[in-house]
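Visitor: This is a predicted model, with the sequence first.
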Amino acid sequence: MTDLRSAGVVETVRLTSDGDLTPRIVVDEALERIATLNPPLNAFSVVLAEQARDEAAALGRGDDAPGPLHGVPIAIKEELDVAGAVTTFGGNGNSTPAAADSTLVSRLRAAGAVIVGKTTMPEFGAWPYTEGSARGITRNPWDPTRTPGGSSGGTAAAVASGMVPVAIGGDGGGSIRIPSAMCGLFGLKPQRGRVTAAPHAHLWWALGTTGPLARSVRDAAVVYDVIRGTTEVDRFHAGAVGSFEQAALTAPGRLRIGWSTKPVTLGVKPDPLHVAAVEETARLLSTLGHDVREIDPKYPDPTAAFVPQFFAGIRDEAQMVEHYDRLERRTRETYRLGSWVTPRVTEWAIRTGEKVSAKANRVFDEVDVLLTPSIAHRPPQVGILDGRGSAAASMLSMPAIAYAALWNVAGNPAASVPCGIAEDGLPVGVQLVGPTDGEELLLSLSAQLEEARPWPLVVGATD
């Protein structure tokens with residue numbers, strides 16, 4: 001009998017479509033796992049149990065052909081609208097339930113997915129550690145004394161623990177890749193403008209995008225094929241691409257792969273375990289037939305573009321909530337510190353980001369894919385932000401975003417790919433960065449790595 005705790009998206013759809021299991025059984029078992037596993041981890045901020053059971057039962061009665069996510073239980077990060085649930089952005093600023101689903105959530109439902117709840121995040125996704133006074137601390141399933149990262153930390157904890165096979169996160173400075181690296185998941189930040197932000201025009205201006213955290217490359221690709229595509233509402237639009245699932249099933253051919261452990265952020269030193277993971281992955285890629293060599297990416301400094309958009313994103317979302325006075329003290333401090341970021345400054349930062357992107361992308365004149373660490377440090381102890389103001393929290397965030405945030409400014413696709421479990425008992429990930437609109441290339445190469453070096457599917461798995 002299939003262990004649904006480790007069953008991924010593809011396997012779950014096979015079971016529900018072939019009639020081996022009904023969507024209701026699959027969802028019921030997911031809800032049981034959530035009830036058992038969530039209290040010590042704090043991955044979910046709200047569980048939509050009755051709504052999910054009703055949706056699953058309706059799928060079981062339908063006469064239509066099963067969709068590509070038929071009966072798959074999925075969790076949604078708190079920053080996205082789910083009809084009937086409050087969009088909290090990780091805090092207490094809102095109190096009225098959303099009247100309608102975001103476009104992304106509507107697409108998931110239309111494909112047969114069942115929304116089982118919403119996942120914790122630091123308020124407005126401001127930090128790469130999922131903790132705060134509003135929602136408490138979210139813990140890493142591999143070691144509950146450690147953080148799962150952020151800002152999609154609840155999403156990562158829900159998937160890595162086996163509560164759900166896949167969940168939706170967001171990435172404005174590494175927030176898909178950082179928790180994927182800390183929790184042993186595959187997390188692809190797509191090209192800017194690949195996934196709609198509707199009903200909003202953008203997520204943190206040019207920085208943010210949305211996507212799944214999954215236990216396999218193919219599972220992530222299947223979900224992306226459902227949610228990708230923008231609307232007339234969106235400010236940014238990516239270029240044309242083919243099937244992501246097909247890319248994950250296709251060998252990449254011989255690629256030029258450059259690797260570097262040099263951080264983008266000055267003053268940050270990568271942990272030796274992460275350096276070793278990059279070097280080992282480079283050797284593996286060489287044995288797989290690729291042209292692999294160490295390079296200097298000659299990173300541009302993204303600070304002037306990133307910082308104003310970070311502040312503008314926080315301020316925009318803070319201005320949308322119903323109860324500003326209920327926001328956390330650190331959030332209100334960040335809001336005040338960003339008062340200099342006027343609309344004119346924000347537009348200047350976006351234009352500056354385009355120049356940064358042009359410089360960053362010069363590396364792809366030399367190589368097809370760039371290999372780096374995903375993060376600089378090992379997952380810190382929980383409570384890292386306790387009592388910290390905005391300035392201290394920003395400094396403590398530097399090792400997490402040191403390799404990631406540049407690619408939000410540049411807009412390129414970038415993925416954290418698991419390498420296995422280190423001697424400290426925690427996962428290790430490496431980052432693969434692709435050229436503009438290069439998601440298919442990253443999915444193909446990531447799937448090749450996954451096949452050559454399988455990683456644990458859920459906490460405690462050995463193969």
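Guide: Yep, that arrived.
Visitor: so how far is residue 102 from the closest residue to residue 363 other than its chain neighbours?
Guide: The spatially closest residue to residue 363, leaving aside those adjacent along the chain, is residue 297, at 4.8 Å (Cβ to Cβ, 6 or more residues apart in numbering). Where C-beta positions appear, they are placed from N, C-alpha and C, glycine not excepted. From residue 297 across to residue 102, the span is 35 Å (Cβ to Cβ, to the nearest Å).
Visitor: more crowded one of the two?
Guide: Each of residue 297 and residue 102 has its neighbours counted (other Cβ atoms under 10 Å); residue 102 has more, 23 against 20.
Visitor: The host helix or strand of residue 29: which residues count as buried?
Guide: Element membership of residue 29, judged by DSSP states H and E, is helix 23-41. Buried positions in helix 23-41, judged by neighbour count with 16 or more other Cβ atoms under 10 Å: 23-31, 33-34, 37-38, 41.
Visitor: cool, and stretch 90-106?
Guide: 90, 91, 92, 93, 94, 98, 101, 102, 103, 104, 105, 106.
Visitor: go on, stretch 239-252?
Guide: In stretch 239-252, counting by 16+ other Cβ under 10 Å, buried: 241, 244, 245, 247, 248, 252.
Visitor: That stretch: end-to-end distance?
Guide: Using Cα to Cα, to the nearest Å, one end of stretch 239-252 lies 20 Å from the other.
Visitor: for stretch 170-178, same thing?
Guide: 11 Å.
Visitor: and what of stretch 428-439?
Guide: 22 Å.
Visitor: hey, where'd the strands end up in the chain?
Guide: Assigned by DSSP state E, the strands in the chain fall at 44-47, 73-77, 114-119, 131-132, 136-137, 166-171, 186-189, 209-214, 256-259, 291-294, 369-373, 414-421, 427-433.
Visitor: returning to that earlier point: the residue nearest to residue 363 contacts residue 261, correct?
Guide: No - using Cβ atoms under 8 Å, residue 297 is not in contact with residue 261, being 10.6 Å away.
Visitor: Show me whatever sits in contact with both of the two.
Guide: Counting by Cβ atoms under 8 Å, 6 or more residues apart in numbering, the shared contacts of residue 297 and residue 261 are residue 372.
Visitor: Output the below-cut-off pLDDT ranges for the protein.
Guide: For the chain, applying pLDDT under 70 flags the ranges 1, 62-63, 461-463.
Visitor: Nearest the middle, which residue of it would you pick?
Guide: Central residue of the chain (Cα atoms, centre = their mean): residue 176, 2.1 Å from the mean position.
Visitor: From what I see, that one and residue 169 are in contact.
Guide: Yes - the criterion here is Cβ under 8 Å, and residue 176 meets it with residue 169 at 4.8 Å.
Visitor: okay, and the common contacts of the two?
Guide: 152, 187, 211, 213.
Visitor: Could you work out the most separated pair of those?
Guide: 152 and 211 (9.4 Å; Cβ to Cβ).
Visitor: neighbour-wise, which of the two wins?
Guide: Remark: of residue 152 and residue 211, residue 152 carries more neighbours, 40 against 26, as counted by other Cβ under 10 Å.
Visitor: nearest residue to the more buried one other than its sequence neighbours?
Guide: The shortest distance from residue 152 to any non-neighbouring residue, by Cβ to Cβ, 6+ apart, is to residue 169 (2.9 Å).
Visitor: So the one you found versus residue 203, what's the distance?
Guide: For residue 169 relative to residue 203 (Cβ to Cβ), the value is 11 Å.
Visitor: residues near residue 373, how many?
Guide: Residues near residue 373, counting by other Cβ under 10 Å, number 29.
Visitor: If anything else comes up later, I'll come back, but that's it for now.
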